[in-house]
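Q: fold the stuff below for me.
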Amino acid sequence: MNDTIGIKVLPVNTSAKCISIFRNHSSLSIGEIKKLIEGENYVLSFRYTDKQGVKQIIECYQLLEKAGIQAKLFEHDRPATIDFFHNLSQLYGIIEKQVQEAYEAETANNEDDEG
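A: Modelled structure (predicted):
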């Protein structure tokens, strides 16, 4: 199963502004970014479970949109919406909070058992 989330840009959007936005979100060279755009490939992609990756995609998409550059979001190689990515980010935040609370409760219980 493909567990990739990502962002693609239409090939007509190989402007310096577009490439600059991606350069700020990845370590790819200008040539690599241009080649990915022209090949209609993911310019920015992460594993579905990468919380920071989700945040980067949201930020990059918003910057592209603000610059008037058409981008497409994908989840498991299917078109997705920015709302999906926001919801996914929120879900990861909720899970992280629950895990932290469970850890703190377990730690407190262990301290009570020792005392």
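Q: now the strands for the protein?
A: 4-9, 44-47, 71-75, 78-80 (DSSP state E).
Q: export those to a markdown table and tack on mean neighbour count?
A: Yep, even glycine has a C-beta here, placed from its N, CA and C like the rest. Shown next, in a markdown table, are these (neighbours: other Cβ atoms under 10 Å):
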| stretch | mean neighbour count |
| --- | --- |
| strand 4-9 | 22 |
| strand 44-47 | 18 |
| strand 71-75 | 19 |
| strand 78-80 | 12 |
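Q: in CSV: those, plus mean pLDDT.
A: As requested, these are exported to CSV (pLDDT from 0 to 100):
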stretch, mean pLDDT
strand 4-9, 95
strand 44-47, 94
strand 71-75, 96
strand 78-80, 96
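Q: what about the helices in the protein?
A: Here the chain has its helices, by DSSP state H, at 16-23, 30-38, 51-66, 82-114.
Q: turn the strands of the chain into CSV, columns for distance to H25.
A: Formatted as CSV, the strands of the chain follow (distance: least, Cβ to Cβ, whole Å):
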stretch, distance to H25
strand 4-9, 9
strand 44-47, 6
strand 71-75, 12
strand 78-80, 18
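Q: ok, which of those strands comes nearest A108?
A: strand 44-47 (33.0 Å; Cβ to Cβ).
Q: for this protein, spot the helix or strand the model is least confident about on average.
A: Every helix and strand in the chain was compared by mean pLDDT, DSSP states H and E; the lowest is helix 82-114, with a mean of 87.
Q: what comes up buried for that one?
A: Residues of helix 82-114 classed as buried: 85, 88-89, 92 (neighbour count, 16 or more other Cβ atoms under 10 Å).
Q: now do N109 against E96, distance only.
A: 21 Å (Cβ to Cβ, to the nearest Å).
Q: hang on, isn't Y92 packed against V54?
A: Yes - proximity of Y92 to V54 meets the contact threshold set by Cβ atoms under 8 Å, at 6.7 Å.
Q: center of this structure, which residue is that?
A: Nearest to the mean C-alpha position of the chain, by Cα atoms, centre = their mean, lies V54 at 2.4 Å.
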